[in-house]
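# Just need the structure, nothing else, for what follows:
(chains A and B)
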Amino acid sequence: MAGFATGAGRPLQGRGGSPGFRFALYAIVSIAFMILDQRFNWLERAHYALQAASYPVELAVSSPVAAWRWVQNSFATRDSLEAENQRLRTRLRDLELRSMRYDALAQQNAALIGLRSSLPPVAQRWLPADIVNIQLDSLRQRVLIDRGSLNGVTPGQAVLDDDGVVGQTMHVGPWSAQVILITDPEHALPVSIARTGLRTIAVGAGDAASLALPYLPANADVHVGDVLVTSGLGGVFPPGYPVARVTGVRKDTVEPLAHVRAVPFAHLDTDSEVMLIWFRHDSPAAPLQERNGELTTGDRNIQPLAAPVKPQPAASAGTGATANESPGAIHNATRRARSGPREGGGEAQDGPSKATKAVSKSKTPKTGLPKPAVSKKPEPPPT
Amino acid sequence: MSSGSPRIAMLKTVVGALILTLLPMPSWLEIIRPGFLALTVLYWSIAAPRAGGIALGWVCGLLLDAFEGPVLGEHALALAFLAYIAVREHQRIRSKPIFQQSLIVFAALVFYEVVLFAIDGWSGHPLTTPLRWVPTLTGALVWPAAAAILARSYRPSA
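Model (predicted):
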């Protein structure tokens, strides 16, 4: 060991006191940082600045890989380009064929929901983003993308690729943003099983290629091959986007919960380009938003219906149905609709209150077992 | 190399370690990738405790926090702690043969990881996979090579 030969004999007590004192100083500053960051969210601007400052370094580190990819692309042969062109043309034709029915379906859906105007597509704007090829944290599933707040990216924004859900943005800098993937152990995504409509939560399993469904009871109707789609709860993704396919179901008779594994549709480990999506918040299919602790639905005009008055013995059977549609009963009806079932009215007021219950339950996955809901078909991709 | 202070060599090696930390690698290499920045801080705290020391550890930790970690200040505290251990014991560590140094480095890295583990848990971002302890072992294993390489970056004129 030739290295350790610097200033061996000199005492350490120079400027700034003893090492113990200096360490205590730095430790206090660090802890203050952590508390400010964690409890009071005061360091959001610092995160922003750090994100901006670190982006050049990240670009520099990823540049050799990017350069190599560029060289590969520019020397691609004519044959491979033609093959790719052919493949893309086929895919475009397939997608166009598939989306041909979309308008008709959207109008049908609008008619079913009862809207007068036709349903606008829920995805309003999208922006492709490149994944910057660096390693952020080897055990957490995070990636960096080259779009930031200057492109209008906000924290908690949906990120998809052409096969399914990728994740959502976390820390956003001016030119870059960190994306937490759905396979991160800290990420939980409200999903529903497309076949049955059963709602549950998909949690990242920590490796690059699987999700776990830890909150399904052992008697839940789930099979290998079931498709998971987003359920629209949670406020980030609209309902119906494909997430994963169930690959393993293990039920132990002694355990109350089933062990379910699923593999995401999105190519999380091989993607180099992803899509950032902005959703139209007035669309009925928009994700639920939480503002000041209150959940709002996509359409403000849709309010819980008033509880109908107790049917008089003499009243005819038809009044219960017509009372629900009277416009005057709509105002200030939230409280009454919630206490509706206790009043013993008809079935109409059960709908909204059940929906709000399901929403609040899904927010606390530990206590709320998923309940079967009305089967929902996955929405066709936005055009 | 400048003979007065190893600051420039420090800066170079810190940047090098940061690049090694951020470089994309195949996933099996990612799991065993040692904490290069922690090793660098450890080396400079032992080799030049007056020039770098705890301040170097803290700044490097803040740099690391910019790229990873759930809360700002997590790596700063852990690396300052690592540097503090190394600065306190630098004379004892220096005099040991390289094999024993690796053992001490292993113990120091375990302390470092325990601090990170505790902060992860406290801040509500627990990461309980046993894989997180692998870099402490590989860090101790690559210590002889890392120390030799870092020693080449700066030669005191004495």
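# For the stretch 251-383 of chain A, give the residue positioned nearest to chain B.
A:D269 (7.9 Å; C-beta to the nearest C-beta). All C-beta atoms are positioned from the backbone trio N, CA, C, and that covers glycine.
# Contacts for the lowest-mean-pLDDT helix or strand in chain B, please.
When each helix and strand of chain B is scored by mean pLDDT, DSSP states H and E, helix B:27-32 comes last, with a mean of 81. Under the contact criterion C-beta atoms under 8 Å, 6 or more residues apart in numbering or on different chains, helix B:27-32 has outside partners A:Q135, A:S138, A:A208, A:D269, B:L131, B:V134, B:P135, B:T138.
# secondary structure class for A:G248?
strand (DSSP: H, G, I helix; E, B strand; the rest coil).
# dump the residue contacts of it.
So A:G248 contacts A:V224, A:H259, A:V260, A:R261 (C-beta under 8 Å, 6+ apart).
# my guess is the third one contacts A:L213, does it?
So that's A:V260. Yes. The pair A:V260 and A:L213 qualifies as a contact (C-beta atoms under 8 Å) at a distance of 3.9 Å.
# Mind telling me what element B:Q91 is part of?
If you go by DSSP states H and E, B:Q91 is part of helix B:90-94.
# pLDDT weak spots in chain B?
B:1-5, B:69, B:156-158 (pLDDT under 70).
# so what's the most centrally placed residue in it up against?
Geometric centre of chain B, nearest residue: B:A38, 1.1 Å, by C-alpha atoms, centre = their mean. The neighbourhood of B:A38, defined by C-beta under 8 Å, 6+ apart, consists of B:L79, B:L82, B:L109, B:Y112, B:G139.
# And the contacts of helix B:27-32, which two are furthest apart?
A:D269 and B:T138 (22.5 Å; C-beta to C-beta).
# burial of A:L211, as a residue count?
27 (other C-beta atoms under 10 Å in any protein chain shown).
# so who does it touch?
A:182-183, A:189, A:202-205, A:228, A:243-244, A:261-264.
# What separation is there between it and chain B?
Distance of A:L211 to chain B, given as C-beta to the nearest C-beta, to the nearest Å: 16 Å.
# and if you look at A:L127?
23 Å.
# Quick check: closest non-adjacent residue to that residue.
A:L276 (4.6 Å; C-beta to C-beta, 6 or more residues apart in numbering or on different chains).
# next one: B:P70
B:P70 sits nearest to B:H125 (C-beta to C-beta, 6+ apart), 3.9 Å away.
# How about the contacts made by the one you found?
Applying C-beta under 8 Å, 6+ apart, the residues near B:H125 are A:E186, B:P70, B:V71.
# Residue 136: neighbouring residues, count only.
No chain specified, so I'll use chain A. A:L136 has 19 neighbouring residues, counting by other C-beta under 10 Å.
# that answer is for a different chain, and I need it for chain B
22.
# Determine whether any part of the one helix or strand it maps to lies close to chain A.
Here B:T136 is covered by helix B:134-152, with elements defined by DSSP H and E. Yes. Using C-beta under 8 Å from any C-beta of the partner chain, helix B:134-152 reaches chain A at B:A147, B:A148, B:L150, B:A151.
# which secondary structure elements does that helix contact?
helix B:27-32, helix B:36-47, helix B:98-122 (3 or more C-beta pairs under 8 Å, 6 or more residues apart in numbering or on different chains; DSSP states H and E).
# Dump these to CSV, plus distance to A:D37.
Shown next, in CSV, are the helices and strands packed on helix B:134-152 (distance: least, C-beta to C-beta, whole Å):
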stretch, distance to A:D37
helix B:27-32, 26
helix B:36-47, 20
helix B:98-122, 11
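# Of those, which stretch is the most buried?
Of the helices and strands packed on helix B:134-152, the one with the most neighbours on average (mean count of other C-beta atoms under 10 Å in any protein chain shown) is helix B:36-47, at a mean of 27.
# Outside of the helix or strand following it itself, list whatever touches it.
Under the assignment DSSP H and E, the closest C-terminal helix or strand after helix B:36-47 is helix B:53-67. Outside helix B:53-67, the residues that touch it by C-beta under 8 Å, 6+ apart are A:19, A:22-23, A:26, A:29-30, A:50-51, A:53-54, A:58, A:136-137, B:10, B:14, B:18, B:21-22, B:37, B:40-41, B:44-45, B:71-84, B:87.
# Helix B:53-67: which residues count as buried?
Under the neighbour-count criterion of 16 or more other C-beta atoms under 10 Å in any protein chain shown, helix B:53-67 has B:53-54, B:56-67 buried.
# now that helix and helix B:36-47, what's the angle there?
170 degrees (axes from the mean of the first three to the mean of the last three C-alpha atoms, to 10 degrees).
# Which helix or strand lies directly C-terminal to helix B:53-67?
helix B:74-88.
# And that following helix, what does it pack against?
Packed next to helix B:74-88, using 3+ C-beta pairs under 8 Å, 6+ apart, are helix A:19-39, helix B:36-47, helix B:53-67, helix B:98-122.
# what packs against the longest one?
Using 3+ C-beta pairs under 8 Å, 6+ apart as the contact criterion, the secondary-structure elements in contact with helix B:98-122 are helix B:36-47, helix B:74-88, helix B:134-152.
# Just the angle for the longest one relative to helix B:98-122, thanks.
Read that as helix B:134-152. 130 degrees.
# Give me the contact list for helix B:134-152.
Outside helix B:134-152, the residues touching it (C-beta under 8 Å, 6+ apart) are A:1-4, B:13, B:31-36, B:38-40, B:43-44, B:47, B:98, B:101-103, B:105-106, B:109-110, B:112-113.
# cutoff 7 Å now
A:1-3, B:13, B:31-35, B:38-40, B:43, B:98, B:101-102, B:105-106, B:109-110, B:113 (C-beta atoms under 7 Å, 6 or more residues apart in numbering or on different chains).
# I figured A:P128 hits A:D271, correct?
No. Assessed by C-beta atoms under 7 Å, A:P128 is found out of contact with A:D271, at 11.2 Å.
# Compare these two and say which one has the larger neighbour count.
A:D271 (17 against 12).
# Done for today, thanks.
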